[in-house]
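> Sequence plus predicted model, see below.
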Amino acid sequence: MGVNLSLPKNKRKKTKDENSIHSIDDVSKKSSVNSEQKHEFNYIGGRKFYDSNVAPYVLPADIEEDDRIHQQHFALKHICGGNYTAPIHDIIKPGSRILDLGCGPGQWTLEIAQEFPYAQVYGIDISANFPTSIKPSNSHFIVGDVTKGLPWEDNYFDFVWIRYLFVGIKDADWQNLYHEVKRVLKPGGILEQHECDGLTENPGPKLKKILYHINEGLTSNGLCFRLACQLSERITMAGFKNAQPSYISTALGRQGGKIGEIWAANLREGCGAMKPWLSKLAGLTDTEYDLLIQYIFDYEIEEYSVYHNHHIVWARKI
Ligand SMILES: C[S@@+](CC[C@H](N)C(=O)[O-])C[C@H]1O[C@@H](n2cnc3c(N)ncnc32)[C@H](O)[C@@H]1O
């Protein structure tokens, strides 16, 4: 089982460690999507989106969105009190391997590579928006669609990390992906996944309207709006053991203090990122949409004490 990614035999003799590190080119050639292939994108309202026939991802694949994902990373790190919750210090040893599925611009991957300089850290994403040269030497990024099989051999990784992929992986593809994660994890290895609930708690009427249409848009792309609330069931169904679920609530806006304001600003930008398709679904002109979002984030989230849940689960392959 699994794809053998050993380097070509005609290359100079490499150490065992070197042989286990695959360059972007080596792995991308084996991936179903690689940087040579032309993705089909649609440009709507000045933003770049995947054509839904290529990927159901509902957020843009452009530089503005990379900036938002970076900001989101630092906010989540603060909200969660760090970059992971599982006891990975017990399993990450010299030579261990860590995988970040849907790594985006790669901030988590880079920080983990710095925290565990004696491990090899891999990030994979359908978009090549990660750094290619200025990065720790133990970090490796490849382009690939994770729903098309993971291009590593069985029992390869000690820790697999997934965060905020519910906006890109179809409901019907999650179980296969979890089985793939289980295949590439070593026995005793850990999967940790973080997803935010698509719904917010205590929404006012205007936020409810937008959430209704976001759900509509995600569902029509085959995505699961409330995946966050089903993580431990799904992971357990795939054969992982001792799933440890939890969630953290963040009050949005001033009521949540500085982090509440930052998180609300990030969600507001997320609404801006979805505007090209979401305004159409909601039957609003650009101006009407902007005014609605302004009303929600300037007034409604405070008035209704809106909060948002970030769900976390980690489990082991036994
Ligand atoms: C919301 S971003 C989260 C990025 C990162 N995990 C984080 O938390 O900072 C979702 C990422 O998933 C990637 N993605 C979506 N569908 C994918 C797929 N089928 N295979 C690989 N990556 C995918 C997107 O390109 C995007 O970078």
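Looks like it arrived, so ask away.

> Just the CA atoms from stretch 110-117 would do, formatted as CSV, please.
What follows is stretch 110-117, C-alpha atoms only, in CSV (Å, rounded to 0.1, in the frame of the first residue of the first chain):
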residue,chain,number,x,y,z
LEU,A,110,6.9,26.9,9.7
GLU,A,111,6.4,27.5,13.4
ILE,A,112,6.2,23.7,14.1
ALA,A,113,9.4,23.2,12.1
GLN,A,114,11.1,25.8,14.3
GLU,A,115,9.7,24.3,17.5
PHE,A,116,10.8,20.7,16.5
PRO,A,117,14.1,21.3,14.6
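
> average model confidence for it?
Across stretch 110-117, the average pLDDT comes to 98.

> ok, and what's touching it?
Residues outside stretch 110-117 that contact it (Cβ atoms under 8 Å, 6 or more residues apart in numbering) are 83-84, 92, 96, 98, 100, 119, 121, 131, 135-136, 138-139, 161. Heads up, the C-betas are built off the backbone N, CA and C, glycines and all.

> do that again at 7 Å, thanks
83, 92, 98, 121, 135-136, 138-139 (Cβ atoms under 7 Å, 6 or more residues apart in numbering).

> On the pLDDT front, check the residue lying closest to residue 173 once chain neighbours are set aside for me.
Nearest non-adjacent residue to residue 173, counting by Cβ to Cβ, 6 or more residues apart in numbering: residue 147, 4.6 Å away. pLDDT, residue 147: 98.

> give me every residue that touches residue 147.
169, 173, 177.

> Return a PyMOL selection command for the buried portion of those residues.
Those of the contacts of residue 147 that count as buried under 16 or more other Cβ atoms under 10 Å are selected in PyMOL with:
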select buried, resi 169+173+177
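
> from memory residue 318 sits against residue 241, does it?
Yes: in this structure, residue 318 is within contact of residue 241 by Cβ atoms under 7 Å, at 4.5 Å.

> in the longest helix along the chain, what's buried?
Longest helix of the chain, by residue count under DSSP state H: helix 257-281. Neighbour-count burial for helix 257-281 flags 260, 262-279 (criterion: 16+ other Cβ under 10 Å).

> Count the neighbours of whichever residue of the stretch 151-300 of the chain sits closest to the ligand for me.
Across the stretch 151-300 of the chain, no residue is closer to the ligand than residue 168, which sits at 2.6 Å (Cβ to the nearest ligand atom). Here the number of neighbours of residue 168 (other Cβ atoms under 10 Å) works out to 23.

> and what of residue 117?
11.

> quick one: it is in a helix?
No: Residue 117 is assigned coil when assessed by DSSP: H, G, I helix; E, B strand; the rest coil, not a helix.

> Flag the shaky bits of the protein, pLDDT-wise.
Along the chain, segments meeting pLDDT under 70 span 1-39.

> could you pull out the helices for it?
Secondary structure of the chain by DSSP H: the helices cover 16-19, 24-30, 63-80, 107-115, 174-184, 205-220, 231-237, 257-281, 286-295, 301-303.

> Burial-wise, tell me which of those comes out on top.
Across the helices of the chain, averaging neighbours per residue (mean count of other Cβ atoms under 10 Å) puts helix 107-115 on top, at a mean of 21.

> got the angle for it vs helix 63-80?
60 degrees (axes from the mean of the first three to the mean of the last three Cα atoms, to 10 degrees).

> How far off centre is helix 107-115?
15 Å (Cα atoms, centre = their mean, to the nearest Å).

> Quick check: nearest residue in space to residue 234, chain neighbours excluded?
residue 174 (5.9 Å).

> Look up how far residue 279 lies from residue 293.
To residue 279, residue 293 is 9 Å away according to Cβ to Cβ, to the nearest Å.

> Same check on residue 297?
16 Å.

> Okay, buried residues for stretch 92-103 please.
Result for stretch 92-103 [16+ other Cβ under 10 Å]: buried residues 92, 96-103.

> residues making contact with it?
17, 108-109, 112, 116, 118-125, 130, 141, 146, 156-162, 165, 168.

> go with 8 Å
17, 20, 106, 108-109, 112, 116, 118-126, 130, 141, 146, 150, 152, 156-165, 168-169, 177, 181, 184.
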